[in-house]
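Colleague: Sequence first, predicted coordinates after that:
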Amino acid sequence: MMSDAFIFLLCLGAFALLLAAMSRHQQEWFGAKLARPLSLSLRAGGFGLLFAAWLVAGFTVGFAYGTVVWCGCIAVAALVVIAVNINRDRLLKYLRR
Amino acid sequence: MKGAFRQSMAWLHTWTGLLVGWFLFVIFLSGTSAYFQYEITRWMTPEQTVVVTSQVAAQNAMTWLRTNQPEAVAWDIYLPGKRGGPVEVYWTPKPEAGKDAVRDWEKDTVRLDAATGQKAAGRDTQGGYFLYRFHYDLHYIPVIWARWIVGFCAIMMLTACITGIVTHKKIFADFFMLRFGKGQRSWLDAHNVSAVVALPFILMITYTGLVTLASLYMPWPIKASGMTEESYYAALYPVAPTREPTGKPAAFINLDKVFETTRQRWEGAGIAYLSAVNPGNAGATLTATSAPDKRMQTRGDSVQFDGVTGQILWVSPVRGVEAKTESVMVGLHAGRYAGAVLRWLYFIGGIGGTMMIATGLVLWTSKRRLKLPDPARPHIGFKLVEKLNIGCIVGFPAGIAIYFLANRLLPLGMTARADWEIHSLFIAWGAVLVWGFARPAKRGWVEALSVCAGLFALVPVVNAITTPRGLIHSLVSGDILFLSFDGLMVLTAIGFAFAARKVARHKPMVKAKTKASKTQPEPA
């Protein structure tokens, strides 16, 4: 259970980085496009975290079972990031208050 | 060339998806519910409150058989797993002199309460098992036809998936995009997001689904390798050898020893199935088959014991790599090995797939509505798709809600009660289908969605009125299963109510005349 939560959090971080690496979303979230090297690093970080999550899954519950858990976790983590992205304006307004 | 390729893929994606979309929706939704098959059955048999280990269940079943069927020449016991459920026992009555022993599978069986070892009290129901079987055996038609129909749909699904990846070229660029209130664009976003997020699950489930029935769909390799169907199945699923009775009575072995031995051999896996031949005789044997609760492979291993001494007489041979691969694929599809967290992830994947199909079907109409000469008076083909969409996307879930309600409301002593629970599902589904055809499209959607929301909201209410295991009781006693089930019903009701409100407030977009022609059209 604890390892599932950790794998999920890693995936969540990964998708947050992947979102931040896309210029369209940079404009929306930060008000400006980030420099290309920074974007590339964010993307690399995102994929790196996804890989790390897979390793954690493999070493904690075995690579067969872990890979299936990882596939499930990336789906749910992506959904959470999409949900946050949809509610961006509401969230930013709340944060600025 | 590139454009032509993508366009032909788009065409294939659209029409394979549409042709079998309604079937796929129903198969996906019922299949998704099957991940909680045992939990649904437990909710549908509220009289059975205690979950015991399969070892206790087996002892209880054995005691019942010893008392009630001591003369039988064979006993078979299907045990519940860790997630509970009843025990199914079967027996073969002692034949008359000179005749062969024959089992009537309908008559020579009883369902026992695993905890008490007595005939299961309370309501007659098929529970979650019906929804599980329905997702590949359908209902009211011969099983073999159903499996061919489902197989055809699965092939179409696989085609639609692969062509979809080619066609919806922006699925990764638009990975995080979900824009509401933009008509066709929103449906395309929703279709893409549900598809891309659940993509690993969708591809896996469709492919492995075909593998589960591969020898039905592709029997030719069996013939090509010079085997008959009998010899093929005998090699794939080896059966323990039989032993003649000796004529001397002898006490049957203690099951504790069998459980201990198998647990050690199978690295902690439980027993799913016990088969006793000539019980009570000195020549008795007992074969135990493993449960798929410890590893991905779904096909069990078997060990045959001497029914008196407990000595191991036979073990099933180690599988070849092909059989192992098939066993893992089927295991991956059914997810019986999954723990609670992974089971929920499977469920979410299934809902994602179901949403992808539903949004794809709606997208077909949404995309074409603007191009109709008169959107208020669509042609018959468009109308048919629209009405079938209402009838299936809302009708089948409404049927499931009625299935649960019928479980609580039909009289307990009613003849063929379990059958009538199932008939109720189809009657409700049929009613929504007819309603959808009878009403103008928008009103049809709003009314059907509202009714469906109401039906799901009623499930926990009716449960609280008709059983002592209502929401408050579940909260106080910490009954997680009933809490989750009732909670999920409320969530589903909210989902349908939200959809009804959205459709009711929807204002059709004005026909766009410019822009659209400049960009390459996205497929529906």
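Modeller: Yep, that arrived.
Colleague: Any buried residues in the host helix or strand of B:V476, and which?
Modeller: Element membership for B:V476 (DSSP states H and E) is helix B:471-477. Buried positions in helix B:471-477, judged by neighbour count with 16 or more other Cβ atoms under 10 Å in any protein chain shown: B:L471, B:S474. For every residue, glycine as well, the C-beta is placed using N, CA and C.
Colleague: How about stretch B:122-129?
Modeller: Those would be B:R123, B:D124, B:T125, B:Q126, B:G127, B:G128, B:Y129, for stretch B:122-129 by 16+ other Cβ under 10 Å.
Colleague: and B:V87, what does it touch?
Modeller: B:A57, B:A58, B:N60, B:A61, B:I77, B:Y78, B:L79, B:P80, B:R111, B:L112, B:D113, B:A114 (Cβ atoms under 8 Å, 6 or more residues apart in numbering or on different chains).
Colleague: Contact partners for the spatially closest residue to the last one that is not a sequence neighbour?
Modeller: When you say that, I think you mean B:A114. Of all residues not flanking B:A114 in the chain, B:A57 sits nearest, at 3.8 Å (Cβ to Cβ, 6 or more residues apart in numbering or on different chains). By Cβ under 8 Å, 6+ apart, B:A57 lies in contact with B:L79, B:P80, B:V87, B:A114, B:A115.
Colleague: contacting residues around the second one?
Modeller: Going by Cβ under 8 Å, 6+ apart, B:P80 touches B:Y38, B:V51, B:S54, B:A57, B:P86, B:V87, B:A114.
Colleague: can I get those in CSV with pLDDT?
Modeller: Listed next are the contacts of B:P80 as CSV, based on pLDDT from 0 to 100:
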residue, pLDDT
B:Y38, 94
B:V51, 87
B:S54, 92
B:A57, 95
B:P86, 85
B:V87, 92
B:A114, 90
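Colleague: quick check, nearest of those residues to B:A240?
Modeller: B:S54 (19.7 Å; Cβ to Cβ).
Colleague: Burial check on the closest one, number of neighbours?
Modeller: 22 (other Cβ atoms under 10 Å in any protein chain shown).
Colleague: helix, strand or coil for residue 40?
Modeller: As the question left the chain open, I've gone with chain A. Put simply, A:L40 is helix when judged by DSSP: H, G, I helix; E, B strand; the rest coil.
Colleague: hm, I was asking about chain B
Modeller: Criterion first, three-state DSSP; result for B:I40: helix.
Colleague: From chain A, how far out is it?
Modeller: Distance of B:I40 to chain A, given as Cβ to the nearest Cβ, to the nearest Å: 21 Å.
Colleague: Run a quick neighbour tally on that residue.
Modeller: Residues near B:I40, counting by other Cβ under 10 Å: 25.
Colleague: Same check on B:R111?
Modeller: Using other Cβ under 10 Å: B:R111 sits among 15 other residues.
Colleague: That one pairs with what?
Modeller: Counting by DSSP bridges, B:R111 forms beta bridges with B:E88.
Colleague: what about the closest residue to B:P95 other than its chain neighbours, helix or strand, and which?
Modeller: Nearest non-adjacent residue to B:P95, counting by Cβ to Cβ, 6+ apart: B:A101, 4.4 Å away. Per DSSP H and E: B:A101 is located in neither a helix nor a strand.
Colleague: Which secondary structure element is home to residue 28?
Modeller: By default, I'm working from chain A. Counting by DSSP H and E, A:E28 is found in helix A:23-30.
Colleague: if you could check chain B rather than the one you did, that'd help
Modeller: Using DSSP H and E, B:F28 falls in helix B:2-33.
Colleague: how far does stretch B:53-65 sit from the chain's center?
Modeller: Distance of stretch B:53-65 from its chain centroid, counting by Cα atoms, centre = their mean, to the nearest Å, is 27 Å.
Colleague: what about dumping the CA coordinates of that stretch to PDB?
Modeller: Extracted C-alpha coordinates of stretch B:53-65, given in PDB (Å, rounded to 0.1, in the frame of the first residue of the first chain):
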ATOM      1  CA  THR B  53     -10.800 -18.900   4.700                       C
ATOM      2  CA  SER B  54     -11.100 -21.400   1.900                       C
ATOM      3  CA  GLN B  55      -9.800 -24.000   4.300                       C
ATOM      4  CA  VAL B  56     -12.700 -23.500   6.600                       C
ATOM      5  CA  ALA B  57     -15.100 -23.400   3.600                       C
ATOM      6  CA  ALA B  58     -13.700 -26.700   2.300                       C
ATOM      7  CA  GLN B  59     -14.000 -28.400   5.700                       C
ATOM      8  CA  ASN B  60     -17.600 -27.200   5.900                       C
ATOM      9  CA  ALA B  61     -18.400 -28.400   2.400                       C
ATOM     10  CA  MET B  62     -16.800 -31.700   3.100                       C
ATOM     11  CA  THR B  63     -19.000 -32.200   6.300                       C
ATOM     12  CA  TRP B  64     -22.100 -31.300   4.300                       C
ATOM     13  CA  LEU B  65     -21.200 -33.900   1.500                       C
END
